[in-house]
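Colleague: Let's see this in three dimensions:
(one chain, ligands or ions: 2)
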Amino acid sequence: MATKAPLVSQLSPEAPLHASKLTLIKSLTESVELTSIPFHYTFSTNPIEPASSDPEDSIPVIDFSLLTSGDPDQRSKFIQDLSKACEDWGGFMLINHGVPESLMKAMVEASKEFFNLTEEEKREFEGKLLLDPIKCGTSLHGRVDEVLFWRDFLKVIVHPDFHFPYKPTGFSELASEFCKRIRKLVRELLKATSENLGLENCYIEKTMDLDSGFQLFAANLYPPCPQPEHAIGIPPHSDHGLLTFLAQNEIGGLQVQHNGKWVNVYIPPNSFFVNIADQLEILSNGKYKSLVHRAVVNNKATRISLAIANGPSLDTIVSPAIELVNSESHSVVYIPMKFKKYLELQQNHKLGQKALLDCTKVQTV
Ligand SMILES: O=C(O)CCC(=O)C(=O)O
Ligand SMILES: [Fe+2]
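Modeller: Ligands and ions are numbered 1, 2, ... in the order given. Alright, predicted model coming up:
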C-alpha cells in the first residue's frame with residue numbers, strides 16, 4: 001500500500017485537508033485498493049437520489065444542419081427549436097454541427113493521454129491563481145475545498161490568447177482547431193439567440209465583445225469510485241459564461257436539473273451537449289435560465305468529459321439587454337458586473353446551485 005504523505009492526509013478524518021498537497025484522484029485510486037471512499041470525499045451521507053428515467057424528460061435535440069441548409073423553412077424550424085430548448089430546458093443536444101467526429105474522438109484520447117502522464121509531469125501544469133492560463137489539479141479549488149470531489153481536471157485559457165500544455169505531443173494543435181470550431185458554432189448559436197430574444201442579430205456578438213471572448217477548455221477525469229452514491233464528481237452548479245459545450249467518452253455521468261428533478265444526459269460521441277450559462281441568463285434578464293447540472297460517478301469505468309466554456313471578454317460589463325428590462329412582466333433585474341469580477345467572486349463562492357447568480361439579482365417594486 002502506498003504511504004505517500006498527501007495520501008495519508010486524504011484518508012484520515014482528523015488530518016486537515018489544507019496541510020499538504022492533495023494527491024490526484026487518479027493516483028489515489030490506482031495506488032490503493034479502495035473498498036470505501038476516504039473520509040473527505042463524502043459528499044452525502046445519504047445516498048444521492050437517482051435521476052429520472054421518465055421518457056417525458058428527454059433532452060431536446062437541435063440539428064445544426066437546419067441552419068446551414070439554405071432552406072428558409074428549415075432555418076425557421078431551427079430558430080424555433082432553439083428558442084423552445086432555451087426556454088424549457090436551458091440546454092440541448094447539438095447534432096450535425098460540422099466538427100468532425102474524428103477530431104472529437106482525438107480530443108478525448110489526447111485528454112486521456114494527458115491524465116496518463118506521471119503525477120510529477122502533471123504538477124508542472126499545476127497553476128494556482130484564477131487566471132493562470134494552465135491549471136491541472138483535483139477536486140474543485142483543491143486544498144480549500146471542505147469536501148473533495150472525485151475528479152481531476154486540466155483547465156486552460158484558450159482565447160483570446162491560446163495557451164496549452166506542450167504534452168502529450170499533438171494535443172495543443174488538436175485543441176486549437178477544436179476550440180476554434182466551437183467558437184464559430186457559439187457565434188452562430190448566439191446570433192440565433194439574439195433573434196429569439198427580439199434583439200438585433202449581432203447584439204450578443206457585439207455587446208459581449210466575442211472577438212476577445214474568454215474561452216476556457218476543461219478536461220475532467222472521473223475514475224471508478226467504490227461508493228458512487230456518496231461521492232460526487234462535480235456538485236450542482238451553473239457555469240459562468242454564455243454557453244458551455246460538453247463532450248465525453250462513452251461513459252455517462254452528466255445530470256441536469258429540470259422541473260425540480262435530476263435527469264440523466266447521455267452525450268453520444270459525435271454530439272455536444274450545450275448549456276446556457278450565467279451571463280446569458282443576465283443578458284436575457286432571466287428569460288433564459290442557466291442550467292444547473294452535476295457530474296455523478298460510477299464504480300465501473302473511468303469517465304472523461306470535455307467542457308468548453310464560452311464567455312464575453314473579461315472586460316465586458318454584462319447587464320440585461322435594455323429591451324428586455326422595460327417590460328412589466330420582468331420585475332427582476334441583475335446588477336451589471338464586469339465578467340472578470342464575476343469570475344473572481346465565483347472563485348470565492350462555495351459551489352452551490354446558483355448561489356452567486358442569485359446574489360446579483362435585485363427585486364424591483
Ligand atoms: O463532466 C460533466 O459532465 C460536467 C462538467 C462540468 O459541469 C464542468 O466542467 O463545468
Ligand atoms: Fe459545469
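Colleague: So, low pLDDT: which residues of the chain?
Modeller: Counting by pLDDT under 70, the chain shows low-confidence ranges at 1-21, 142-145, 327-332, 350-353, 363-365.
Colleague: how about the helices in it?
Modeller: All helices of the chain, identified by DSSP state H, fall at 5-11, 25-31, 65-68, 72-88, 101-115, 119-123, 171-196, 203-207, 278-283, 339-348, 355-359.
Colleague: nearest to Pro38, of the ones you listed?
Modeller: Nearest of the helices of the chain to Pro38, taken as C-beta to C-beta: helix 5-11 at 4.6 Å. (Each C-beta comes from the backbone N, C-alpha and C, glycine too.)
Colleague: quick one: the strands in the stretch 251-365 of the chain?
Modeller: 254-258, 261-265, 272-276, 293-295, 303-310, 317-318, 332-334, 337-338, 361-363 (DSSP state E, counting those that start in this stretch).
Colleague: Mean neighbour count added to those, as TSV?
Modeller: Shown next, in TSV, are those (neighbours: other C-beta atoms under 10 Å):
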stretch	mean neighbour count
strand 254-258	21
strand 261-265	19
strand 272-276	26
strand 293-295	24
strand 303-310	24
strand 317-318	18
strand 332-334	18
strand 337-338	16
strand 361-363	10
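Colleague: For Gly241, which of the helices of the chain is the nearest?
Modeller: helix 278-283 (5.6 Å).
Colleague: Is that closest one in proximity to ligand 1?
Modeller: No - against ligand 1, helix 278-283 shows no contacts by C-beta under 6 Å from any ligand atom, the least distance being 11.8 Å.
Colleague: got the CA coordinates for that helix in PDB?
Modeller: C-alpha atoms of helix 278-283 as PDB (Å, rounded to 0.1, in the frame of the first residue of the first chain):
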ATOM      1  CA  ASP A 278     -25.000  32.700 -16.100                       C
ATOM      2  CA  GLN A 279     -24.000  35.600 -18.400                       C
ATOM      3  CA  LEU A 280     -26.700  34.600 -20.900                       C
ATOM      4  CA  GLU A 281     -29.300  34.500 -18.000                       C
ATOM      5  CA  ILE A 282     -28.200  38.000 -17.000                       C
ATOM      6  CA  LEU A 283     -28.200  39.300 -20.600                       C
END
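Colleague: and it, what does it pack onto?
Modeller: Other elements packing on helix 278-283 under the criterion 3 or more C-beta pairs under 8 Å, 6 or more residues apart in numbering; DSSP states H and E are strand 317-318, helix 339-348, helix 355-359.
Colleague: Throw the ones you listed into a markdown table and include distance to ligand 1, thanks.
Modeller: Below are the helices and strands packed on helix 278-283 laid out as a markdown table (distance: least, C-beta to the nearest ligand atom, whole Å):
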| stretch | distance to ligand 1 |
| --- | --- |
| strand 317-318 | 19 |
| helix 339-348 | 11 |
| helix 355-359 | 14 |
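Colleague: Please identify the deepest-packed of the ones you listed.
Modeller: With neighbours defined as mean count of other C-beta atoms under 10 Å, those peak in mean count at strand 317-318, which reaches a mean of 18.
Colleague: what does it rub up against?
Modeller: For strand 317-318, contacts defined as C-beta atoms under 8 Å, 6 or more residues apart in numbering pick out Met208, Gln279, Ile282, Leu283, Pro312, Pro336, Met337, Lys338, Phe339, Tyr342.
Colleague: who does that strand pair up with?
Modeller: Strand 317-318 sits in its sheet next to strand 337-338 (antiparallel), going by DSSP bridges.
Colleague: Look up how far Asn220 lies from the residue nearest the centre of the chain.
Modeller: Nearest to the mean C-alpha position of the chain, by C-alpha atoms, centre = their mean, lies Ala307 at 4.7 Å. Ala307 sits 7 Å away from Asn220, going by C-beta to C-beta, to the nearest Å.
Colleague: Same check on Asp161?
Modeller: Separation of Asp161 from Asn220 (C-beta to C-beta) stands at 23 Å.
Colleague: Close to ligand 1: what parts of the chain are there?
Modeller: When proximity is defined as C-beta under 6 Å from any ligand atom, the chain approaches ligand 1 at Ala218, Asn220, Ile234, Asp239, Leu246, Gly253, Leu254, His293, Ala295, Ser305, Ala307.
Colleague: a markdown table please, covering those and showing distance to Thr316.
Modeller: What follows is the residues of the chain next to ligand 1, written out as a markdown table (distance: C-beta to C-beta, whole Å):
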| residue | distance to Thr316 |
| --- | --- |
| Ala218 | 21 |
| Asn220 | 27 |
| Ile234 | 26 |
| Asp239 | 16 |
| Leu246 | 23 |
| Gly253 | 32 |
| Leu254 | 28 |
| His293 | 24 |
| Ala295 | 28 |
| Ser305 | 27 |
| Ala307 | 21 |
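Colleague: and which of those residues is nearest to Thr35?
Modeller: Gly253 (21.4 Å).
Colleague: give me the beta-bridge partners of Ala247?
Modeller: The partner list for Ala247 in beta bridges (DSSP bridges) reads Leu306.
Colleague: so it touches Tyr266, yeah?
Modeller: No - proximity of Ala247 to Tyr266 does not meet the contact threshold set by C-beta atoms under 8 Å, at 12.0 Å.
Colleague: Tell me which of those two has more neighbours.
Modeller: Comparing Ala247 with Tyr266 by other C-beta atoms under 10 Å, the one with more neighbours is Ala247, at 24 against 14.
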